[in-house]
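K.L.:
I would like to see how this sequence folds:
(one chain, ligands or ions: 2)
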Amino acid sequence: MKEQYVLGIETSCDETAVAIVKNGKEIISNVVASQIESHKRFGGVVPEIASRHHVEQITIVLEEALEQARLSFQDISGIAVTAGPGLVGALLVGVETAKTLAYVHQLPLIPVHHIAGHIYANRLVTEMKFPLLALVVSGGHTELVLMKEHGDFQVIGETRDDAAGEAYDKVARTLNLPYPGGPHIDRLASEGEVTIELPRAWLEEGSYDFSFSGLKSAVINTVHNANQKGEVIEPANLAASFQASVVDVLVTKTMKAAQEYNVKQVIVAGGVAANKGLRARLDHVIRQLDHVELVVPPIHLCTDNAAMIAAAGSVFLEKGIHSNLTLNAYPGLDLMKFNEQSLII
Ligand code: KG4
Ligand code: ZN
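P.N.:
Ligands and ions are numbered 1, 2, ... in the order given. Coordinates of the predicted model:
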């Protein structure tokens, strides 16, 4: 059988990334140019700056990915690109690059949903076993996704307000920590104790949805009240208390869904999957379930990268799902409608 090499492109937010993945599972090259330093002083991603950086970086990153892989376009089987969701101007840089490459080199163009990419980062670690449950926790998303086969995504729960990563970033801002705040809160949490009682939004019985805005407001209020009274709150204890609340809800709902849907694997995806507290607690809890395997990608595959996009793209390429050159960027692309949409576009 001929080897399949998919070149993936990711520009949905603040990383310009290109990677080449062999047969959907093996990373041949994985280049990420982060713009975090440029956005740090604004406390978050500035869309216009993000697009401009992508334009500057994309050809350099592309060349490096091919060079590291020691491959040319003659070896490539398809071009996978994040078509959404994300910042429209940022996405467009990747989509236009992918379309150009597909046209010039006469290769299939494969649109990939960013979250499908995060989920498929796990296939770079170990083979997927279905049915599986993916806990997707990133800066823009918090979702529980049930997969019965490759490329089939059923969202069984999602956040009704803030995403987990967004809550981390906002709490970090309240504590005057740099952007992105997740890793700083994670580190602080490991140095502190759970001393502050904070809410956990369980929502209605049986719901797999999440809500983090109440928790975020509770943290902000705790800090403001203490400041007004001239009291000192130990940031490490606040971080530990906040993290305990987030992890408790995420892990409890994941465990329940894993049991209800009788899954073979639980996989974790997205930037917050890098969280040490979440990883440790999931490991502890999932171990108690017989016949359920926990898969957590290494940290560099949890945050945005293009290897995950190429891995997801490989599956769609095999299924014959690709797009023509009218492909656009879709800032609000829906994971459940993704297959339909990618067939139409
Ligand atoms: O998946 P990602 O790289 O980008 C999006 O698609 O959103 O996720 C970025 C998010 C940020 O909110 C960041 O603070 C969070 O992931 N994050 C973490 C950790 N590392 C990154 N949150 C908690 N603990 C971490 N160790
Ligand atoms: Zn992401």
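
K.L.:
just want the most central residue of this structure.
P.N.:
Nearest to the mean C-alpha position of the chain, counting by Cα atoms, centre = their mean, stands residue 270 at 2.6 Å.

K.L.:
grab the nearest non-local neighbour of it.
P.N.:
In this structure, residue 270 finds its nearest non-sequential neighbour in residue 138, 3.2 Å apart by Cβ to Cβ, 6 or more residues apart in numbering. In short, each C-beta sits where N, CA and C put it, glycine included.

K.L.:
tell me the phi and psi of the one you found?
P.N.:
phi -130, psi -170 (degrees, to the nearest 10).

K.L.:
who's in contact with it?
P.N.:
115, 118, 163-165, 269-272 (Cβ atoms under 8 Å, 6 or more residues apart in numbering).

K.L.:
closest point of the stretch 101-250 of the chain to ligand 1, which residue?
P.N.:
residue 182 (2.2 Å; Cβ to the nearest ligand atom).

K.L.:
secondary structure element holding the closest residue to that residue other than its chain neighbours?
P.N.:
Sequence neighbours aside, residue 168 is the residue nearest to residue 182 in space, at 4.1 Å (criterion: Cβ to Cβ, 6+ apart). Residue 168 is part of helix 164-174 when elements are defined by DSSP states H and E.

K.L.:
give the buried residues for that helix.
P.N.:
164-172, 174 (16 or more other Cβ atoms under 10 Å).

K.L.:
so which of the residues you listed are also by ligand 1?
P.N.:
By Cβ under 6 Å from any ligand atom, the members of the buried residues of helix 164-174 lying near ligand 1 are 165, 168-169.

K.L.:
now, which of these sits nearest residue 254?
P.N.:
Residue 254 has its nearest neighbour among these in residue 165, at 16.2 Å by Cβ to Cβ.

K.L.:
so how far is residue 13 from the residue lying closest to the closest one once chain neighbours are set aside?
P.N.:
In space, residue 165 comes closest to residue 139 once its chain neighbours are excluded; the distance is 3.7 Å by Cβ to Cβ, 6+ apart. As judged by Cβ to Cβ, to the nearest Å, residue 139 and residue 13 stand 7 Å apart.

K.L.:
what do you get for residue 211?
P.N.:
Noted for residue 211: a distance of 23 Å to residue 13, by Cβ to Cβ.

K.L.:
repeat for residue 29
P.N.:
To residue 13, residue 29 is 21 Å away according to Cβ to Cβ.

K.L.:
could you report the neighbour count for residue 94?
P.N.:
For residue 94, the count of nearby residues is 26 (other Cβ atoms under 10 Å).

K.L.:
residues of the strand or helix carrying it that come out buried?
P.N.:
Using DSSP H and E, residue 94 maps to helix 88-105. Neighbour-count burial for helix 88-105, counted by 16+ other Cβ under 10 Å, picks out 88-99, 101-102.

K.L.:
ditto for stretch 176-193
P.N.:
Of the residues in stretch 176-193, 177, 179-186, 188-189, 192 count as buried by neighbour count, 16+ other Cβ under 10 Å.

K.L.:
report the mean confidence score over that stretch.
P.N.:
Over the span of stretch 176-193, the pLDDT mean works out to 95.

K.L.:
how about it, does it reach ligand 2?
P.N.:
No: contact of stretch 176-193 with ligand 2 (Cβ under 5 Å from the ion) is absent, the minimum separation being 11.3 Å.

K.L.:
so the closest residue to residue 142 other than its chain neighbours bridges to which residues?
P.N.:
Among residues not flanking residue 142 along the chain, residue 159 sits closest, at 4.1 Å (Cβ to Cβ, 6+ apart). Per DSSP bridges, the residues bridged to residue 159 are residue 210.

K.L.:
how long is stretch 254-265 end to end?
P.N.:
Stretch 254-265 stretches 11 Å from its first residue to its last (Cα to Cα, to the nearest Å).

K.L.:
again with stretch 147-156
P.N.:
Termini of stretch 147-156 sit 10 Å apart (Cα to Cα).

K.L.:
and it, how far out from the chain middle?
P.N.:
16 Å (Cα atoms, centre = their mean, to the nearest Å).

K.L.:
who's in contact with residue 153?
P.N.:
113, 115-116, 119, 145-147, 335-336, 338.

K.L.:
sweet, I'm off.
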